[in-house]
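In: this one's structure only:
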């Protein structure tokens, strides 16, 4: 992905709601701007390497638009996976940390 941007299709269409987009990426440091449908664009600063980034978005549609701005001469960003959904605790999962932290 480069500064010209790209549209990443989803497997279905989602209604207008406050969603969280999860992007798995690999590449240099830079600023990633993400938009879902006609909603507002959100920007996040990405560290270099292979990571997951979670971006809160309000919108609807069947594609996520993204644009990556990095230092001149940097390699492009590789986005390996995109998912849009809701983030909430697993009611059956273990607490992290397992024991309460004092302080």
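Out: Thanks, I have the structure now. Everything numeric in this text was worked out from a predicted model, so none of it was measured.
In: and the host helix or strand of residue 57, which strands flank it?
Out: Assigned by DSSP states H and E, residue 57 falls within strand 49-69. According to DSSP bridges, strand 49-69 forms sheet pairs with strand 6-27 (antiparallel), strand 30-36 (antiparallel).
In: and it, average pLDDT?
Out: Average pLDDT, strand 49-69: 95.
In: likewise stretch 36-45?
Out: 91.
In: from the chain's centre, how far out does that stretch sit?
Out: Centroid separation for stretch 36-45 versus its chain: 10 Å, with C-alpha atoms, centre = their mean, to the nearest Å.
In: for it, buried residues please.
Out: Residues 36-37, 39 are the ones in stretch 36-45 that count as buried (16 or more other C-beta atoms under 10 Å). In this view, the C-beta of every residue, glycine as well, is placed from N, C-alpha and C.
In: ok, now stretch 19-26?
Out: In terms of neighbour count (16+ other C-beta under 10 Å), stretch 19-26 has its buried residues at 19, 21, 23, 25.
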